[in-house]
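# Sequence and predicted model, in that order:
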Amino acid sequence: MSSKKIAIIPGDGIGPEVTAAAREILTLAARKAGLDLEYATCLAGGAAIDATGVPLPDDTLAAAKTADAVLLGAVGGPKWDTVAPDIRPEKAILGLRKALGLYANLRPVKVSAALAAYSPLKPEIVTGTDILIVRELTGGIYFGPKCESETADGVERAWDTEIYSVPEVARIVRMACKAAKGRRGRVTSVDKANVLASSRLWRRVASAIAQEEGTELSHMYVDNCAMQLVLGPKTFDVIVTGNLFGDILSDEAAVVAGSIGLLPSASIGDGPGLYEPIHGSAPDIAGQGIANPVGTILSAAMLLRHSLRAEAPAAAVEQAVDAVLAEGYRTADLYRPGLTKVSTEEMGKLIIKQL
Ligand SMILES: NC(=O)C1=CN([C@@H]2O[C@H](COP(=O)(O)OP(=O)(O)OC[C@H]3O[C@@H](n4cnc5c(N)ncnc54)[C@H](O)[C@@H]3O)[C@@H](O)[C@H]2O)C=CC1
Ligand SMILES: CC(C)CC(=O)C(=O)O
Ligand SMILES: [Mg+2]
């Protein structure tokens, strides 16, 4: 059996609950593929601030850099909302993304037949939705120069800056085009080129790269995209967009699928990949054992596929999730009378049994 190193970062809020469920499934699925996983459990976010004073301790970063892959829950919460901006828990995520060169965030949104009725949209609108959101992850306004507070013309103000360079746009659009080739072949590039200079550069570079790749590309303004995702989610194949727009549109698309608790993500780039659900630490439900672990479990499946090159176990995990949902088991976020309500832990065990 060959051995792989996984850095596991539970984080805050529901993070420890959902990563515990996913870890068991990851271990079992990997073993079936002849892989023995060696875990290093690391602190990040609010838990790290409490223990060490900083959100991303050096030993966490070192463990992530030397791992074959990283599995993360979520960070943040009201307890740390008043800490200095440069040590906020969310800095841990941004720091990991930057330090590991994770410039691409893949967020698949699929609506399984079993869950079409759970979308707030009509089943006929959502059934068959299969979107891959490719979000740029290490540039844009999250990483541009910023000012927390200054005085200008006698009033206090703050500012952030959106910057995109040609190579940053080229590599993410190229990745989206390559991903589209294994799918329905269509890429929608989302921007705000009617207002933003950075978006006009984005649009120009996206067109050139799509032409080089021979990929069908269309452009859409982000405000229209927000509307079209609700009106006709089935019309999208691959969406490629910047950091801020991708963050917002993927939470919107998550609701199309029924619950934000269902959706996984893979952050990939130059080094080890990082896998995390798209949701946050959900402080409102933390510690109650009711969080939906499926987004993290499907993130573990993406880890198997992208970082460990173990396609069969990745697909087995996805099928096990579908089967358990089809049998009517639901965590509280998706529960309706007539179905079987289960806890986070029970959902994990059911998926293990199915595997
Ligand atoms: N990657 C990360 O670590 C992220 C961290 N955050 C942080 O998380 C904290 C809370 O942020 P919010 O804006 O409230 O977003 P959130 O995603 O944590 O929660 C939004 C809503 O969705 C629900 N929800 C989220 N995940 C769920 C799950 N697995 N099962 C069932 N329900 C779920 C929550 O209960 C809440 O009602 C903040 O400190 C924020 O900065 C937010 C997004 C990403
Ligand atoms: C830094 C994170 C809190 C941003 C976010 O919401 C996300 O990546 O989904
Ligand atoms: Mg987000």
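Sure thing, it's come through. Ligands and ions are numbered 1, 2, ... in the order given.
# Point me to the helix or strand that includes Gly144.
Gly144 is part of no helix or strand when elements are defined by DSSP states H and E.
# Extract the C-alpha set from the strand or helix carrying Met227 and format it as CSV.
Met227 belongs to helix 222-231 when assigned by DSSP H and E. Presented in CSV, the C-alpha positions along helix 222-231 are these (Å, rounded to 0.1, in the frame of the first residue of the first chain):
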residue,chain,number,x,y,z
VAL,A,222,-22.1,39.6,-13.6
ASP,A,223,-25.5,41.2,-12.7
ASN,A,224,-27.1,39.5,-15.6
CYS,A,225,-25.4,36.2,-14.7
ALA,A,226,-26.8,36.4,-11.2
MET,A,227,-30.3,36.6,-12.8
GLN,A,228,-29.7,33.9,-15.4
LEU,A,229,-28.5,31.5,-12.8
VAL,A,230,-32.0,31.6,-11.2
LEU,A,231,-33.9,31.9,-14.5
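# any idea how far that helix is from the chain center?
Helix 222-231 sits 20 Å away from the centroid of its parent chain (Cα atoms, centre = their mean, to the nearest Å).
# now the strands: where do they sit in the stretch 1-150 of the chain?
Counting by DSSP state E, counting those that start in this stretch, the stretch 1-150 of the chain has these strands, from start to end: 2-11, 35-41, 69-74, 104-110, 130-136, 146-152.
# Ala282: which of those strands is closest?
Between Ala282 and the strands of the stretch 1-150 of the chain, the shortest separation by Cβ to Cβ is 7.3 Å, and it involves strand 69-74. Backbone N, C-alpha and C define where each C-beta goes, glycine included.
# what about that closest one and ligand 1, touching?
Yes. Strand 69-74 reaches ligand 1 (Cβ under 6 Å from any ligand atom) through Ala74.
# And stretch 233-246, by the same measure?
No. Stretch 233-246 is not in contact with ligand 1 by Cβ under 6 Å from any ligand atom; minimum separation 12.3 Å.
# got it, and stretch 19-39?
No. On the criterion Cβ under 6 Å from any ligand atom, stretch 19-39 is out of touch with ligand 1, staying 10.3 Å away.
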